[in-house]
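Undergrad: here's my sequence, what's the structure:
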Amino acid sequence: MQERSAGIIVLNMEQSVEMKLSVVGYDPISYWKKDAASVEELLEYRNPSGVTWINVTGFGDHAFLTQLTETLHIHPLTLEDILVTDQRPKVEEFDDYLFCSMKVVSWEDNAPQFEQISFIVNSDNTLVSFQEHPHLLFCMI
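TA: Got it, this is the predicted structure:
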């Protein structure tokens, strides 16, 4: 992240991880997982009869993130909270969704490493998770 001013988010693209999108759907009788390349594709995979989990890894495509949050009716300041990873964990309740950001701690090279992971849960049984870097946290799912 580079210097910020007046609500404009400037990403440091040299440190960005290539974006990877996956969608998991499940209900009482089935489970599936797919990779996606666009917002439209993500939305095609939504599970109307169960729960949909959209996982976004990497913040390298700001236009995509903006399109995704606009499509899901997520406030622009929530997107800013997702992208600015050096702030304290928080939980915020909105009319149509719940936002939560937290720190995940891992141990690498004999030192603790901290990463922010953010979650949005909306009223149509969709969970959206955002992680700046690939993390082992979700590998067992």
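
Undergrad: would you mark the buried spots in the helix or strand of the chain with the lowest mean pLDDT?
TA: Counting by mean pLDDT, DSSP states H and E, the weakest-scoring helix or strand in the chain turns out to be helix 39-44, with a mean of 86. Neighbour-count burial for helix 39-44, counted by 16 or more other C-beta atoms under 10 Å, picks out V39, L42, L43. Heads up, the C-betas are built off the backbone N, CA and C, glycines and all.

Undergrad: so which elements touch it?
TA: strand 20-27, helix 62-71 (3 or more C-beta pairs under 8 Å, 6 or more residues apart in numbering; DSSP states H and E).

Undergrad: can you list contacts of stretch 97-107?
TA: 72-74, 78, 81-82, 87, 89-93, 112-123, 135-137 (C-beta atoms under 8 Å, 6 or more residues apart in numbering).

Undergrad: so where is the protein shaky, pLDDT-wise?
TA: 1-17, 134-141 (pLDDT under 70).

Undergrad: ok, the residue in the chain sticking out farthest from the centre - contacts?
TA: Here the chain reaches farthest from its C-alpha mean at N110, the gap being 27.8 Å by C-alpha atoms, centre = their mean. Applying C-beta under 8 Å, 6+ apart to N110 gives no contacts.

Undergrad: same question for V39.
TA: If you count contacts by C-beta under 8 Å, 6+ apart, V39 has them with F64, Q67, L68, T71.

Undergrad: pull out the buried residues from the contacts of stretch 97-107.
TA: By 16+ other C-beta under 10 Å, the contacts of stretch 97-107 give L72, I74, T78, D81, I82, Q116, I117, S118, F119, I120, V121, N122 as buried.

Undergrad: next step: the residues you listed restricted to helices.
TA: Judged by DSSP state H, helices contain the following of the buried ones among the contacts of stretch 97-107: T78, D81, I82.

Undergrad: what's the most buried one of the helices and strands packed on helix 39-44?
TA: Greatest average neighbour count among those goes to strand 20-27 (a mean of 18), per mean count of other C-beta atoms under 10 Å.

Undergrad: give me the element the spatially most central residue of the chain is part of.
TA: What sits nearest the mean C-alpha location of the chain, by C-alpha atoms, centre = their mean, is F130, with 1.9 Å. If you go by DSSP states H and E, F130 is part of strand 126-131.
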